[in-house]
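Engineer: sequence plus predicted model, see below.
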Amino acid sequence: MRQALLFLAACLLASAEVPTERAGLLEVEAENFDRQKLTEVREWVVVSTGAHAESASGNAYVEVLPDTRTTHDDKLIRGQNFTNEPGVMAVLEYDVSITNPGRYFVWVRAYSTGTEDNGIHVGIDGAWPESGQRMQWCEGKNAWTWASKQRTAEEHCGVPGLIWLDIDKPGRHTVMFSMREDGFEMDAWALASSPEFIPEPR
Ligand SMILES: [Ca+2]
Ligand SMILES: [Ca+2]
Ligand SMILES: [Ca+2]
């Protein structure tokens, strides 16, 4: 009996460590990632000082650095300051627990100061589905801005409602973000099962 109780307590502690989805919603601070991979060329750095941190939730965020392409005139170098391919550069991993499996729309709170720091990819459990590629921000420059839009050939500023992850089983999963453009800044992210969900401005 005592052992069973200890086991139960250990399980509860273990599950308490990871962010857990409740009622179709999960919000996570970007700076609280569990692991980072493929950092040879670009790396996510936690920033907790300066004006952007002051207005970030938890007073911290992550930025993928260095940022060598800040304007359209700077040379685009694939595999260095840009990659349209998800999961190949600067991959952040977040362990989460999902209670209600299904389709989840992905929202990210980003801070963009130009046109070359406003794209990212999202994936899950080692896979990078088309519905997680090319998240894009155009509106809300120079401020933390929640968005969930996918850049398409027709709409470079992104189309709402196209960014989602399908989660087939309850339990532990790993949500991943990877660089598309260097200099991207991420404060927090959210999964929402409702297509009508819009995160509260903070
Ligand atoms: Ca850049
Ligand atoms: Ca930046
Ligand atoms: Ca944050």
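Structural biologist: Cool, the structure landed. Ligands and ions are numbered 1, 2, ... in the order given.

Engineer: leaving out sequence neighbours, find the closest residue to residue 94.
Structural biologist: By the measure of CB to CB, 6 or more residues apart in numbering, the closest residue to residue 94 outside its immediate chain neighbours is residue 175, 4.7 Å from it. For the C-beta atoms, the positions are set from N, CA and C on the backbone; glycine is no exception.

Engineer: how about the host helix or strand of that neighbour and ligand 2, any contact?
Structural biologist: Per DSSP states H and E: residue 175 is located in strand 171-179. No - judged by CB under 5 Å from the ion, strand 171-179 and ligand 2 are separated, with a smallest distance of 11.8 Å.

Engineer: tell me what whichever helix or strand comes after that strand is packed against?
Structural biologist: Counting by DSSP H and E, the element after strand 171-179 in chain order, helix or strand, is strand 185-192. Packed against strand 185-192 by the contact rule (3 or more CB pairs under 8 Å, 6 or more residues apart in numbering; DSSP states H and E) you find strand 25-29, strand 61-65, strand 102-111, strand 171-179.

Engineer: between these, which one is nearest to ligand 1?
Structural biologist: Taking CB to the ion as the criterion, ligand 1 comes closest to strand 61-65 out of the helices and strands packed on strand 185-192, the separation being 8.5 Å.

Engineer: and the residue nearest to residue 94, what is it in contact with?
Structural biologist: Applying CB atoms under 8 Å, 6 or more residues apart in numbering to residue 175 gives the contacts 28, 93, 94, 96, 122, 123, 124, 165, 189, 191.
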